[in-house]
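Q: Okay, here's the prediction I keep looking at, along with the sequence it came from:
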Amino acid sequence: MQVDKNILEKLEKLSMVEIKNEQKDEMVENLNEIVNFVENLSELDLENKDASFTTLRGGTPFREDIPKNNNEVIEIILNNAPKKENEFFVVPKIIE
């Protein structure tokens, strides 16, 4: 497929983007390069390939989810709160 000025005009209307006349030739060239690149992909033999694949072998590495309670950090954060009660922020009620 080759992109020409007619196709470019249709693309302008569909995308609702106005391309200046002095940029149209360059835009046609760029679009033709993109189309040619994508057409190269059709040459690949994907007959025996799975549609989905991953580069990770053996799945995603997980770490154990262990809660940590650092009282120093809690104290530092709560010292900056306008209102606090025990180890919690006090916020205005927004639902009656």
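A: Received the coordinates, thanks.
Q: so where do the strands sit in the chain?
A: Using DSSP state E, the strands of the chain run over residues 84-85, 88-89.
Q: So for Met1, which of these sits nearest?
A: strand 88-89 (59.6 Å; C-beta to C-beta). (Each C-beta comes from the backbone N, C-alpha and C, glycine too.)
Q: so what's Leu31 up against?
A: Val3, Ile7, Leu8, Leu11 (C-beta atoms under 8 Å, 6 or more residues apart in numbering).
Q: among these, which ones are buried?
A: Buried members of these, scored by 16 or more other C-beta atoms under 10 Å, are Val3, Leu8.
Q: just checking, which of the contacts of Leu31 belong to helices?
A: Among the contacts of Leu31, the members falling in helices (DSSP state H) are Ile7, Leu8, Leu11.
Q: Pick the one among those closest to Ser42.
A: Among these, and counting by C-beta to C-beta, the member closest to Ser42 is Ile7, at 19.1 Å.
Q: what's the distance between the closest one and Leu31?
A: 8 Å (C-beta to C-beta, to the nearest Å).
Q: before we move on, what about Val17?
A: In terms of C-beta to C-beta, Val17 sits 13 Å off from Leu31.
Q: Throw the strands of the chain into TSV and include distance to Glu43, mean pLDDT and mean neighbour count, thanks.
A: Converted to TSV, those look like this (distance: least, C-beta to C-beta, whole Å; pLDDT from 0 to 100; neighbours: other C-beta atoms under 10 Å):
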stretch	distance to Glu43	mean pLDDT	mean neighbour count
strand 84-85	65	90	11
strand 88-89	60	90	11
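Q: Can I get those strands in CSV including distance to Ser42?
A: Listed next are the strands of the chain as CSV, based on distance: least, C-beta to C-beta, whole Å:
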stretch, distance to Ser42
strand 84-85, 63
strand 88-89, 58
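Q: So which of those is nearest Asp45?
A: strand 88-89 (59.5 Å).
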